[in-house]
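Asks: Got a predicted model here, sequence first, then my questions.
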Amino acid sequence: MTKEYIVAILGATGAVGTRLIEQLEQSTIPVKSIKLLASSRSAGKILQFQGQNVVVEEATPESFTGVDLVLASGGGSVSARFAPEAIKRGAVVVDNSSQWRMNDNVPLVVPEVNEEALKNHQGIIANPNCSTIQMVVALAPIKAKYGLTRVIVSTYQAASGAGQSAWEELVAETTAHNAGQEMHANILPVKNAEHHYPLAYNLLPQIDVFEDDGYTHEEWKMIHETKKIMFGDKNSKAVKVTGTAVRVPVPIGHGEAVYFETEAGTGATSGDIQSILSKAPGVVLEDNPKEQLYPQPINAEGKRETFVGRVRPDLENDDSFHMWVVSDNLLKGAAWNTVQIAERLVALNLVRVPESAVNNFSED
């Protein structure tokens, strides 16, 4: 008899949470029952799962009693509070926040890239940053064939990456500007920052807070997450990674201009790279300059795949290339990758918390 799972979605009413519900409905996971959990202000709302009304409950530690799988997208502080409670009650947590990504006890997983890391989980599996996910999906098959020594990325990240409220503010700003009215910014680039700037008709070269070295935390995350996912060490010296993260006035869908260097002397050509990408799991190659075919966020919205185009050699450096990578940041960058991880946990019979793991995590 096929085992069925009791699944809880933490942060069920947010932009990612509602998509988690949709992706879970379409997944291969046999769901016995579902719990939709959120903050007290959202408790009592009614959402649907597989055609049935489900009442949203306020999340408490006791909410996870009897639960097998938790798909969490309630933010870092929420995950810090509730993930350890879920583990104590025997639930495996797939977490979409940044809370656990750099924890050495937590695998950071993109199934197309490092599924094997799931075998060592201690009760929590972290979903990487949305901008990191699509980049490593595109880079992984190239690394497997030709090696990878350097990555330089410039991102063009959608408003929804900063949450539903940022998306709504972009719409309000656009409406105000088109009506000749003053635009009011209260969220971007960072909600708790001293200054806020409009995103409509603008570009913001700041995503998250600035670190002491002048990089934003978003850029820091892309650097160290890429190393952890692809090389097994967040501080790996095997590859050099750097980047600039920019918020753009697009509702959904991140774009990335990625420069990468393969190992010297491999003899790889753009055609070789295109051929590899055309067969890579989770990748759709859209690359025909003569027909003006290249990935666009408006076309990626609502799709699970990562789209790659504009593959071309660097004209100044041997064994080096450029490509353009686009994905729906709320699906492959968040909800779908989370559910995809859960699917693989089920398929590999890894939905269980090791006894030794219960005390590995705390809010610290």
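Replies: Arrived safely, thanks for sending.

Asks: how about the top helix by length along the chain: buried residues?
Replies: Of all segments of type helix in the chain, defined using DSSP state H, the longest is helix 130-146. Neighbour counts over helix 130-146 (16 or more other Cβ atoms under 10 Å) mark 130-143, 146 as buried. Heads up, the C-betas are built off the backbone N, CA and C, glycines and all.

Asks: Quick check, Val106 in contact with Ile124.
Replies: Yes: contact criterion Cβ atoms under 8 Å: Val106 and Ile124 qualify, at 5.0 Å.

Asks: Mind listing the shared neighbours of the two?
Replies: Common contacts of Val106 and Ile124 (Cβ atoms under 8 Å, 6 or more residues apart in numbering): Trp100.

Asks: mind listing the helices in the stretch 1-150 of the chain by residue range?
Replies: Ranges of helices in the stretch 1-150 of the chain, per DSSP state H, counting those that start in this stretch, are 15-25, 76-88, 111-114, 130-146.

Asks: on contacts alone, who are the packing partners of the shortest one?
Replies: So the one you mean is helix 111-114. Contacts defined by 3 or more Cβ pairs under 8 Å, 6 or more residues apart in numbering; DSSP states H and E place helix 111-114 against helix 130-146, helix 217-231, helix 336-347.

Asks: Ok, which of those helices comes nearest Val93?
Replies: helix 336-347 (10.1 Å; Cβ to Cβ).

Asks: can you list the domains in the chain?
Replies: 5-127+334-357, 132-329 (automatic domain parsing).

Asks: In TSV, list those along with mean pLDDT.
Replies: Shown next, in TSV, are the domains of the chain (pLDDT from 0 to 100):
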stretch	mean pLDDT
domain 5-127+334-357	96
domain 132-329	98
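
Asks: follow-up on the earlier one: how far away from the center of its chain is the longest helix of the chain?
Replies: The chain centre lies 13 Å from the centre of helix 130-146; the measure is Cα atoms, centre = their mean, to the nearest Å.

Asks: How about stretch 318-328?
Replies: Distance, centroid of stretch 318-328 to centroid of chain: 18 Å (Cα atoms, centre = their mean).

Asks: Is the residue lying farthest from the centre of the chain in a helix, a strand, or coil?
Replies: Residue farthest from the centre of the chain, counting by Cα atoms, centre = their mean, is Gly180 at 36.1 Å. Here Gly180 is coil, with the state taken from DSSP: H, G, I helix; E, B strand; the rest coil.

Asks: Number the chain from 8, please
Replies: Okay, residue one is now 8; in that scheme the one you just asked about reads as Gly187.

Asks: Spell out the residue ranges of the helices in the stretch 208-357 of the chain.
Replies: According to DSSP H, counting those that start in this stretch, the helices that the stretch 208-357 of the chain contains are 224-238, 277-286, 304-307, 343-354.

Asks: any chance of these in JSON lines, with distance to Ser40 and mean neighbour count too?
Replies: Listed next are the helices of the stretch 208-357 of the chain as JSON lines, based on distance: least, Cβ to Cβ, whole Å; neighbours: other Cβ atoms under 10 Å:
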{"stretch": "helix 224-238", "distance to Ser40": "32", "mean neighbour count": "23"}
{"stretch": "helix 277-286", "distance to Ser40": "39", "mean neighbour count": "16"}
{"stretch": "helix 304-307", "distance to Ser40": "33", "mean neighbour count": "18"}
{"stretch": "helix 343-354", "distance to Ser40": "15", "mean neighbour count": "23"}
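
Asks: Would you tell me which of those gets closest to Glu263?
Replies: The nearest among those, by Cβ to Cβ, is helix 224-238 at 9.3 Å.

Asks: CA-only coordinates of the closest one in PDB, if you can.
Replies: Extracted C-alpha coordinates of helix 224-238, given in PDB (Å, rounded to 0.1, in the frame of the first residue of the first chain):
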ATOM      1  CA  HIS A 224      23.400  40.400   1.500                       C
ATOM      2  CA  GLU A 225      21.600  39.200  -1.600                       C
ATOM      3  CA  GLU A 226      24.900  39.200  -3.500                       C
ATOM      4  CA  TRP A 227      26.600  37.500  -0.500                       C
ATOM      5  CA  LYS A 228      23.900  34.800  -0.600                       C
ATOM      6  CA  MET A 229      24.400  34.100  -4.300                       C
ATOM      7  CA  ILE A 230      28.100  33.700  -3.800                       C
ATOM      8  CA  HIS A 231      28.100  31.400  -0.800                       C
ATOM      9  CA  GLU A 232      24.900  29.400  -1.800                       C
ATOM     10  CA  THR A 233      26.400  28.700  -5.200                       C
ATOM     11  CA  LYS A 234      29.500  27.300  -3.600                       C
ATOM     12  CA  LYS A 235      27.600  25.200  -1.100                       C
ATOM     13  CA  ILE A 236      25.200  23.700  -3.700                       C
ATOM     14  CA  MET A 237      27.700  23.100  -6.500                       C
ATOM     15  CA  PHE A 238      30.900  22.400  -4.600                       C
END
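
Asks: Go ahead and name everything in contact with it.
Replies: Counting by Cβ under 8 Å, 6+ apart, 105, 108-109, 115-117, 120-121, 135-136, 138-139, 142-143, 146-147, 150, 155, 158, 160, 162, 164, 214-218, 222, 240-243, 245-246, 248-252 sit against helix 224-238.

Asks: so of these, which ones are in strands?
Replies: Val158, Val160, Thr162, Gln164, Val248, Thr249, Gly250, Thr251, Ala252 (DSSP state E).

Asks: burial measure for the third one, as a count.
Replies: For Thr162, the number of neighbouring residues by other Cβ atoms under 10 Å comes to 27.

Asks: Isn't Trp343 up against Gln33?
Replies: No: Trp343 is beyond contact range of Gln33, at 9.2 Å (criterion: Cβ under 8 Å).
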